[in-house]
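> mind folding the following:
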Amino acid sequence: MSDQPAPTGAKQLPEAMVASQFKPGQSGNPAGRAKGSRNKLGEAFISAMHDDFVQHGPQVIETVRIEKPDQYLKVVASILPKELNIKTDAFDGLTDEQLSALVVAAKSALGVPESSGSEAPATAH
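I've put the predicted structure just below:
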């Protein structure tokens, strides 16, 4: 303890309690889990799973699909996004003029010459 007297009104701790107080940088449990060991375990586990999947993954997926289709579907469903926004027609809401402008721009980008529109387009078959 300090040789200086405690300020008036301050409580003094017993000598045994002061001796057992943690010093700066001292752990409360020196024999406890090492810093970062939890992350190291997780990294090691993920690495082992990755290595195993690279070696056996396709065969295991096929086996599960054939022998346990319900589990296979659960896995598929679990990796899909919760919400799917499927747009059935990318051109919904466009006017005829806007569609025509898109066709002209696409032809120009592809280097296709413009036709008068009365000729039937050539087919590859």
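
> packing partners for the longest helix anywhere in the chain?
Longest helix of the chain, by residue count under DSSP state H: helix 37-67. In terms of contacts (3 or more CB pairs under 8 Å, 6 or more residues apart in numbering; DSSP states H and E), helix 37-67 is packed against helix 69-79. No exception for glycine: its C-beta is placed from N, CA and C like everyone else's.

> and the contacts of the helix it packs on?
Identification of contacts with helix 69-79 by CB atoms under 8 Å, 6 or more residues apart in numbering yields Ile61, Val64, Arg65.

> do the same with stretch 57-64
Taking CB under 8 Å, 6+ apart as the rule, stretch 57-64 contacts Gln71, Tyr72, Val75.

> ok, and the most crowded of those residues?
Tyr72 (16 neighbours; other CB atoms under 10 Å).

> pLDDT of the helix or strand hosting Ala109, averaged?
Element membership of Ala109, judged by DSSP states H and E, is helix 96-110. In this model, helix 96-110 has a mean pLDDT of 89.

> who's in contact with Asn39?
By CB under 8 Å, 6+ apart, no residues touch Asn39.

> how near is it to His50?
Distance, Asn39 to His50, using CB to CB, to the nearest Å: 16 Å.

> and for Ala31?
Where His50 is concerned, Ala31 sits at a distance of 32 Å (CB to CB).

> and those two? Which one has more around it.
Higher neighbour count among Ala31 and His50: His50, with 11 against 5, using other CB under 10 Å.

> show the pLDDT at that one.
Confidence at His50, expressed as pLDDT, is 94.

> got it, and Ala122?
At Ala122, pLDDT is 58.

> likewise for Pro30?
68.

> do the same with the one 4 residues further on
The predicted structure scores Ala34 at 70 on the pLDDT scale.

> likewise Thr63?
pLDDT, read off for Thr63, is 96.

> that one: how many residues sit nearby?
The burial count for Thr63: 12, using other CB under 10 Å.
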